[in-house]
Every structure is written in C-alpha cells, then in structure tokens.
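Build the 3D model from these lines:
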Amino acid sequence: MTPEFSRPVRVDTIGEGERTVTIEADAGERAALAKRFDLVSIEWLSADFTVRKEAAGIRVAGRVTGAAVQACSITGDPLPVTIDEETQLRFVEDDAREEEIELDDEAIDVLPLEGGAIDLGEAAAETLALSLDPFPRGPNAAAALAAAGVVSEDEVTPLNAFAALKDKLAKKG
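The predicted model follows:
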C-alpha cells in the first residue's frame, strides 16, 4: 500500500555526504492524511530533513512543521493545532534490526529499510500523528461534561469499603 504522503528516497542516490531534503504535502495528500488520522483538516504540512549513510543504516534528522484542526473529543468543536517537531530516525535492513545496535545518548527510532528506499513523506506523516493530543479538549469541554452529569476527578469522593462496617460497629457500641 502506498502511503498518502509518499516521498521515497532511494538509498543508492544518497551518496557519502549529508543530503538535505525538503518536502511539502499538497492539498490532496493533506486531505487523505486528515482522513487517516481522523482530523478535521490539515492546513499545511512540510518537513526539512538531513539524510546520510552511516555504518548502522540511514540516519534521518529534521523538523516537521504544519497546522491542523482536530475535533474536541468531548464537544466535537474544531481545535486548531500547530505542529513543530524535531525527529531523528535510523532506517536499517530487517536483519540488522534483530541485532543489538548500540545507540548514542540521543533517542533514535529505528525503522525498517524496505525495497532499497526510505519514505520521508511517511516519516513526516507519522511524526505529525505522534505530535497530536490523542484526547483534545476545547474550552467548552468541561461545561459539556458537567451538563451531562459527569463529575471531574476533583469532585469524586473515594469509596471506602469499610464505611458501612464502621457505621454498624458504632451503632452496636
């Protein structure tokens, strides 16, 4: 299956030095990604990556930026969000993923290198998805929950399993 926002870079075209790649999603790609990630819309999405070969695979570092609109998880109201995420990835052959690779102090996600290419568009799309709040709440969410009779965590009194027993013992004594 081809991703909605695909920007493959063949490994044999990377060369020995560092390569800079800038990508931007068009309107159709943004609409397809919005549907995939259950967003109201994606206004824009772009990424700037540096790509280089290393002994452990292909290292990709960069920044994904954009603007999207999520729906409030309570009211459905539109909530604009801005995306500005740094990312670091290492693409490795499947057999290398099974070996233990010693990483430096930086946290780098390791992904499979498939078909002799890396897909920077899919990397940007996944970075976008991971940067979003999975349960966004707008300014009207608390009022909607209260109107539906849902109490907040601050209003909950803990249940005490021994409260009834304590009352019974107090009456006997």
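
following the helix or strand V60 falls within, which helix or strand shows up next?
For V60, the host element (DSSP states H and E) is strand 57-71. Later in the chain than strand 57-71, the nearest helix or strand by DSSP H and E is strand 78-92.

tell me what the strand holding V60 is packed against?
Strand 57-71 sits against strand 41-54, strand 78-92, helix 120-131, with contacts defined as 3 or more CB pairs under 8 Å, 6 or more residues apart in numbering; DSSP states H and E. Where C-beta positions appear, they are placed from N, C-alpha and C, glycine not excepted.

closest one to V60 among these?
For those, proximity to V60 was assessed by CB to CB; strand 78-92 is nearest, at 4.5 Å.

I'd like to know which of the helices and strands packed on strand 57-71 lies nearest to G149.
Of these, the one closest to G149 (CB to CB) turns out to be strand 78-92, at 23.8 Å.

Let me see the mean pLDDT of the closest one.
Mean pLDDT, strand 78-92: 95.

outside of it, which residues touch it?
40, 45, 54, 56-72, 101, 106-113, 118, 123, 127-128, 130-133, 136, 138 (CB atoms under 8 Å, 6 or more residues apart in numbering).

between that strand and helix 120-131, how big is the angle?
Angle, strand 78-92 to helix 120-131, by axes from the mean of the first three to the mean of the last three CA atoms, to 10 degrees: 130 degrees.

hey, C-alpha coordinates of strand 78-92 in PDB?
Provided in PDB are the C-alpha atoms of strand 78-92 (Å, rounded to 0.1, in the frame of the first residue of the first chain):
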ATOM      1  CA  PRO A  78     -12.700  22.500  16.000                       C
ATOM      2  CA  LEU A  79      -9.400  23.000  17.700                       C
ATOM      3  CA  PRO A  80      -6.500  24.500  15.700                       C
ATOM      4  CA  VAL A  81      -3.100  22.900  16.500                       C
ATOM      5  CA  THR A  82       0.400  23.800  15.400                       C
ATOM      6  CA  ILE A  83       3.000  21.100  14.700                       C
ATOM      7  CA  ASP A  84       6.700  21.800  15.200                       C
ATOM      8  CA  GLU A  85       8.500  18.600  16.000                       C
ATOM      9  CA  GLU A  86      12.100  17.600  15.700                       C
ATOM     10  CA  THR A  87      12.600  14.000  14.700                       C
ATOM     11  CA  GLN A  88      15.500  11.600  14.400                       C
ATOM     12  CA  LEU A  89      15.200   8.200  12.700                       C
ATOM     13  CA  ARG A  90      17.500   5.400  11.600                       C
ATOM     14  CA  PHE A  91      16.500   3.100   8.800                       C
ATOM     15  CA  VAL A  92      18.100  -0.300   8.900                       C
END
